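Participant: take this sequence and fold it.
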Amino acid sequence: MSANAALQARRVAAVPRGVATATAIFADRADNSELWDAEGRRYVDFAGGIAVLNTGHRHAQVMAAVSAQMERYTHTAFQVVAYEPYVALAERLNALAPIDGPAKTILFTTGAEAVENAVKIARAATGRSAVIAFTGGFHGRTMLTMGLTGKALPYKHRFGPMPAEIYHAPFPIPHYGVTTEDALRALEFIFRADAAPDRVAAIILEPVQGEGGFHVAPPEFMQALRALCDRHGILLIADEIQAGFGRTGKMFAVEHTGVKPDLITVAKSLAGGFPLAGVIGRAELMDAPEPGGLGGTYAGSPIACAAALAV
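Facilitator: Model prediction:
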């Protein structure tokens, strides 16, 4: 039995089938854009851990920063004892993000965690509860983010009921016969039939859909959403978890549209292979939750913060 086959047999016995794996190989080592499997075969890695490795596997500057941080401390929980890398990274992200006015950043561990907390912040800041997302969008696999995700299979199958007060509009994809006008008209239907605008806390979307099929939100659609949100006091959340950090040629994909969102979720390539996520937003919105309302034991790991500052 080959090394990959032997590992696969162990995997089937020890790991539930619900976590699927796209390839039949097991990683042994990786460097930059290349990966070697358990049998020594070399591959060019076009997946990058699902858009996590924009700087490649084990970038020298990232590894040096992580090594230096590990010599100092690996964990304190930011809510218990704070540390400078978290603050420094927040300052850096605040300066980079296309946010109108002063910004603040809170750090988490996973993309789904960032999206959940963006919704919490939006609800706290607006006093409203409803959230609108789009068909084809992917926002995570937790209960709330699964509800926001606009694909039933495989993400929602047998996991219901879905969370309340989440509504979906069609994402504008002209070659599928859905225009910007169609998508905007659908939002008006939601306002009339399901959730009046004064109940909607936020509209969330990916400026470039990933799981939906790599569909780009038309700039005119993003601009119309910005105007609609401004008109009704709704917050616009750009989910940049997969599209951000240079993947589209700009630091954030939404920069191609000229639109400034109220909140931005980030993760994946933020820390060059280390688990880290965050929400960047307008300072007055970010301060809406009470002290203790946001956080997490591993949120903003000092090791991941060091990696992100190197990235």
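Participant: just the strands from the stretch 1-150 of the chain, written as ranges.
Facilitator: 27-31, 34-37, 42-44, 103-108, 130-134 (DSSP state E, counting those that start in this stretch).
Participant: contact partners of the third one?
Facilitator: Around strand 42-44, the neighbours that count as contacts under Cβ atoms under 8 Å, 6 or more residues apart in numbering are 25, 33-37. The way it works is simple: take the backbone N, C-alpha and C, and place the C-beta from them, glycine included.
Participant: let's see 10 Å
Facilitator: For strand 42-44, contacts defined as Cβ atoms under 10 Å, 6 or more residues apart in numbering pick out 23, 25, 27, 30, 32-37.
Participant: lowest-confidence one in those?
Facilitator: Minimum pLDDT for the contacts of strand 42-44 is recorded at T23 (93).
Participant: picking that back up, by neighbours, which of the contacts of strand 42-44 wins?
Facilitator: Greatest neighbour count in the contacts of strand 42-44, by other Cβ atoms under 10 Å, goes to L35: 22 neighbours.
Participant: excluding its backbone neighbours, what's nearest it?
Facilitator: D45 (4.5 Å; Cβ to Cβ, 6 or more residues apart in numbering).
Participant: identify the residues contacting the most centrally placed residue in the chain.
Facilitator: Central residue of the chain (Cα atoms, centre = their mean): I241, 2.9 Å from the mean position. Shown in contact with I241 (Cβ under 10 Å, 6+ apart): 50-51, 110-112, 114-115, 138-140, 206, 210, 264-270, 277-278.
Participant: take those residues and keep only those in helices.
Facilitator: Counting by DSSP state H, those place 50-51, 111-112, 114-115 in helices.
Participant: quick one: contacts for F134?
Facilitator: Contacts of F134 by Cβ under 10 Å, 6+ apart are 148-150, 167-172, 183, 186-187, 203-206, 209, 212, 215, 217.
Participant: tell me the bridge partners for it.
Facilitator: Per DSSP bridges, the residues bridged to F134 are A169.
Participant: confidence score at it?
Facilitator: In this model, F134 carries a pLDDT of 98.
Participant: and stretch 148-160, end to end?
Facilitator: 13 Å (Cα to Cα, to the nearest Å).
Participant: flag every buried residue along it.
Facilitator: Going by neighbour count (16 or more other Cβ atoms under 10 Å), the buried part of stretch 148-160 is 148-150, 155-156.
Participant: which stretches of the stretch 201-311 of the chain have low pLDDT?
Facilitator: Nowhere does the stretch 201-311 of the chain drop to pLDDT under 70.
Participant: can you pull out the strands in it?
Facilitator: 235-239, 263-266, 277-282.
Participant: got the angle between the first one and strand 277-282?
Facilitator: If I follow you right, that is strand 235-239. 150 degrees (axes from the mean of the first three to the mean of the last three Cα atoms, to 10 degrees).
Participant: still on that earlier bit, ok, which of the strands of the stretch 201-311 of the chain comes nearest A3?
Facilitator: strand 277-282 (33.4 Å; Cβ to Cβ).
Participant: so what secondary structure elements neighbour that closest one?
Facilitator: Helices and strands touching strand 277-282, by 3 or more Cβ pairs under 10 Å, 6 or more residues apart in numbering; DSSP states H and E, are helix 84-96, strand 103-108, helix 111-126, strand 235-239, strand 263-266, helix 283-286, helix 302-310.
Participant: okay if I get these as TSV plus mean neighbour count?
Facilitator: What follows is the helices and strands packed on strand 277-282, written out as TSV (neighbours: other Cβ atoms under 10 Å):
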stretch	mean neighbour count
helix 84-96	17
strand 103-108	24
helix 111-126	24
strand 235-239	28
strand 263-266	29
helix 283-286	17
helix 302-310	24
